[in-house]
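Enquirer: please work out how this folds:
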Amino acid sequence: MPPVDSGAPQAAPKPRKKHRGVLVAGICAAVVVAGGVGLWWYGNHAERQVSIKVEAPNYSNDATRIPLHVTGADADGKSVDKTVYVDADGGGLSLSPGTYEATVEASPILADGSIYQVPEEPVTISVPSSGPIETLASVPDAIQNNGGGADSADGSDAVVQLTPTDPAYVTDEQIAAAVDAASKDPNDNGKAQSLSQTATVKRDEALAALIGNTPSGYANTGWGTSDGTYDYFYSNTLGGIYRSKNDGSSPELLVEKETGFEYTSYDYGLNVSGDTLYYVKYHSSGKGAGASICSVGTDGSNPQELYATSDADTMGWHFNFTNGSCAITQLYLYGLKLYYILDYDVRRGDSTQQTIELWSMDEDGSNQQKLSSFTVDGSEDVPVFVDRDRLYYAANTRSKSGDSFKYSTALISMNLDGSDSKQLGSYQDTGVQSLLVQDGKLYACVRDLSSSSYRADVVSMDVDGSNAATLCRSSDMLHLQSNFAVVDGKVYAIGFSSSGDSDSFTPLLVMAGSDGNVTTADLQAKLIIPSAICPSGDHLIVFGGGNGGGAPDSAVTFDLDGVAQNTYTK
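Expert: This next block holds a predicted model:
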């Protein structure tokens with residue numbers, strides 16, 4: 001049946017509703033929520049750069065970076081244990097919010113080879129969370145340890161402090177640890193190995209310069225020494241070890257000599273190292289007679305006894321007991337070690353024997369070691385000098401020949417451990433009274449024993465015994481004493497002039513230049529019986545007088561031209 005047209009219009013179909021705007025809005029809302037959550041998570045969990053404060057004198061980015069061992073836990077409780085490297089600005093450390101401890105693993109090495117002391121205590125680093133954030137722009141890309149707000153543990157006290165080490169006291173172990181740690185830095189590029197050589201050279205040069213007295217000071221019993229500002233010296237008259245500024249001002253007693261009934265003491269072998277003075281205290285008689293090695297602050301504080309001879313040694317200052325005696329004849333300081341000579345002297349009638357032992361110990365008296373020993377039979381006094389690497393001595397001997405004695409001597413050198421002993425020369429009718437080694441030369445006061453004149457000359461030679469030369473001679477009118485000093489190749493000796501027709505002598509300071517020119521300065525007005533000369537920088541301390549043991553009473557300074565300066569005591 002055909003459709004029937006009712007004549008009424010038909011309704012148009014309803015269009016579908018569009019939800020795109022709602023969907024987009026929903027998606028955007030979800031993104032905003034997710035982004036906010038993500039940014040919130042980033043601000044509270046993600047690593048960021050953390051800058052700490054570095055306090056280290058002269059530290060710069062030319063040095064190796066500071067290795068920090070960081071341990072702790074982040075905000076999620078996840079443990080952290082890693083090594084990071086921090087530069088001079090404190091940058092190079094990335095951490096998530098949390099609390100950590102950082103320990104310096106080893107010292108960095110500066111461009112000049114300097115090394116720092118490594119602090120034992122760790123520093124605490126607290127990285128705060130930034131809290132909920134709404135925009136990416138508000139996420140900090142660096143959290144400074146001094147900017148966490150009043151209520152947060154933000155690491156404001158996280159400061160790495162490094163103290164420089166005296167280069168002379170830097171050890172091979174410290175340098176090796178610094179190289180090992182720095183070499184693992186991804187940015188090192190061989191810097192650590194290069195700077196380690198600089199550090200070693202710097203340390204070795206500092207050690208070479210660390211000497212407690214001058215060679216001439218050692219050869220003159222070490223009655224005096226200097227640190228460049230103060231002279232340190234012993235005087236019986238003043239009553240002990242004194243110090244005075246080089247201009248003669250500010251004298252003060254540092255170590256008082258011990259006195260009492262049947263008991264007295266005096267001090268020698270002075271060595272100064274930094275703020276510490278080392279010396280030998282000799283007890284001349286009475287209960288406790290002997291000797292000890294001591295230290296005291298250069299201001300007189302903190303006196304310490306580092307070593308003492310045992311009671312069995314029956315110490316004496318070259319006293320010729322029948323059963324033998326022992327003396328600490330000298331104290332040396334080279335580098336970080338003290339070296340001392342024990343001299344065992346046995347004399348029975350015409351038979352004599354002298355045994356010398358070389359010992360060493362650390363500056364605090366620990367690690368005492370016997371390095372070497374030797375014996376000279378039929379000996380007179382055996383002068384000994386210890387250099388940084390070798391020991392030198394003169395084996396003075398005498399033997400009976402009818403109604404008289406025959407004398408001879410041999411100059412010997414050996415390593416400090418007694419190895420590689422070498423004879424530098426032997427001489428008849430001669431005795432070496434004193435010797436020292438300085439600037440590659442051996443200097444000695446040699447006395448002629450072939451006649452009753454006993455004239456003494458000061459000679460020099462290379463340390464292998466070659467190129468011997470006489471620098472200063474005695475004469476009928478001038479007699480040289482055994483003690484002398486050498487400064488810049490110039491010999492300073494104590495002499496006595498005689499008119500030739502009387503027994504009176506005038507004490508003189510004899511100065512012999514390398515050009516052979518000899519001049520003198522009168523000591524009589526300043527000193528009675530001058531006995532020793534100790535160089536002290538740009539001047540000399542000349543000592544005079546003395547008791548039965550030879551300790552000086554007076555001390556006067558002279559410039560290197562022989563002009564009197566300061567009278568410490570007459």
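Enquirer: the stretch 451-570 of the chain: strands as residue ranges?
Expert: Taking DSSP state E, counting those that start in this stretch, the strands of the stretch 451-570 of the chain run over residues 456-462, 469-472, 478-487, 490-498, 505-512, 518-522, 530-536, 539-544, 554-559, 564-569.
Enquirer: looking at the chain, which helix or strand is least sure?
Expert: Counting by mean pLDDT, DSSP states H and E, the chain has its least confident helix or strand at strand 142-144, which shows a mean of 36.
Enquirer: hang on, the earlier thing: which of the strands of the stretch 451-570 of the chain sits closest to Lys257?
Expert: strand 564-569 (13.4 Å; C-beta to C-beta). Glycine gets a C-beta too; all of them are placed from N, C-alpha and C.
Enquirer: any idea of the mean pLDDT in the closest one?
Expert: Computed over strand 564-569, the mean pLDDT rounds to 87.
Enquirer: quick one: distance of it to the chain centre.
Expert: 30 Å (C-alpha atoms, centre = their mean, to the nearest Å).
Enquirer: where along this structure do the helices fall?
Expert: Assigned by DSSP state H, the chain shows helices spanning 20-45, 172-183, 191-209, 215-219.
Enquirer: and the second one, what does it pack against?
Expert: In other words, helix 172-183. With contacts taken as 3 or more C-beta pairs under 8 Å, 6 or more residues apart in numbering; DSSP states H and E, helix 172-183 sits against helix 191-209.
Enquirer: the inter-axis angle of the helix it packs on versus helix 172-183?
Expert: 160 degrees (axes from the mean of the first three to the mean of the last three C-alpha atoms, to 10 degrees).
Enquirer: buried sites along helix 191-209?
Expert: Lys191, Ala192, Leu195, Ser196, Ala199, Lys202, Arg203, Ala206, Leu207 (16 or more other C-beta atoms under 10 Å).
Enquirer: ranges for the strands of the stretch 1-150 of the chain?
Expert: 48-51, 53-55, 66-74, 79-86, 93-95, 98-104, 116-117, 123-127, 142-144.
Enquirer: and Gly90, how far is that from Val127?
Expert: Applying C-beta to C-beta, to the nearest Å, the value for Gly90 to Val127 is 14 Å.
Enquirer: can you pull the buried residues of stretch 482-492?
Expert: So stretch 482-492, judged by 16+ other C-beta under 10 Å, has buried residues Ser482, Asn483, Phe484, Ala485, Val486, Val487, Val491, Tyr492.
Enquirer: nearest to Thr259 among the residues you listed?
Expert: Looking across those and measuring by C-beta to C-beta, the closest to Thr259 is Asn483, at 26.3 Å.
Enquirer: Tyr100 touches Thr124, doesn't it?
Expert: Yes - when contacts are counted by C-beta atoms under 8 Å, Tyr100 is listed as touching Thr124 (7.3 Å).
Enquirer: the more surrounded of these two?
Expert: Legend: neighbour count by other C-beta atoms under 10 Å for Tyr100 and Thr124, higher for Tyr100 (25 against 13).
Enquirer: is the more buried one in a bridge, and if so with what?
Expert: In this entry, Tyr100 is beta-bridged to Gly72, Ile125, by DSSP bridges.
Enquirer: dump the residue contacts of it.
Expert: Val70, Thr71, Gly72, Ala73, Val80, Thr124, Ile125, Ser126, Val127 (C-beta atoms under 8 Å, 6 or more residues apart in numbering).
Enquirer: in CSV, list the residues you listed along with distance to Tyr234.
Expert: Putting the contacts of Tyr100 into CSV (distance: C-beta to C-beta, whole Å) gives the following:
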residue, distance to Tyr234
Val70, 55
Thr71, 56
Gly72, 58
Ala73, 63
Val80, 61
Thr124, 53
Ile125, 55
Ser126, 58
Val127, 61
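Enquirer: of the residues you listed, buried ones?
Expert: Buried among the contacts of Tyr100 (16+ other C-beta under 10 Å): Val70, Gly72, Ile125, Ser126, Val127.
Enquirer: biggest separation within those, which pair?
Expert: The farthest-apart pair in the buried ones among the contacts of Tyr100, when distances are taken by C-beta to C-beta, is Val70 and Ser126, at 12.3 Å.
Enquirer: what pLDDT does the model give the residue nearest to Asp420 when sequence neighbours are not counted?
Expert: Excluding the flanking residues, the one nearest Asp420 by C-beta to C-beta, 6 or more residues apart in numbering is Met414, at 5.9 Å. We note a pLDDT of 97 for Met414 in this prediction.
Enquirer: that older thread, please name whichever of the strands of the stretch 1-150 of the chain is nearest to Gly290.
Expert: Going by C-beta to C-beta, the one of those nearest Gly290 is strand 116-117, 38.2 Å.
Enquirer: what helices or strands is the closest one leaning on?
Expert: Packing contacts for strand 116-117, counted by 3+ C-beta pairs under 8 Å, 6+ apart, involve strand 163-164.
Enquirer: quick one: contacts of the strand it packs on?
Expert: Contacts for strand 163-164 (C-beta under 8 Å, 6+ apart): Pro57, Asn58, Ser114, Ile115, Tyr116, Gln117, Pro119.
Enquirer: can you flag the buried ones in those?
Expert: Going by neighbour count (16+ other C-beta under 10 Å), those have Ser114, Ile115, Tyr116, Gln117 buried.
Enquirer: those residues: which two are farthest apart?
Expert: Ser114 and Gln117 (11.1 Å).
Enquirer: which neighbours do those two share?
Expert: Both Ser114 and Gln117 are contacted by Pro164, Thr165, under the criterion C-beta under 8 Å, 6+ apart.
Enquirer: skipping adjacent residues, who's closest to the most centrally placed residue in the chain in space?
Expert: The centre of the chain sits closest to Ala168, judged by C-alpha atoms, centre = their mean, with a distance of 4.6 Å. Residue nearest to Ala168 in three dimensions, not counting chain neighbours: Ala206, with 3.8 Å by C-beta to C-beta, 6+ apart.
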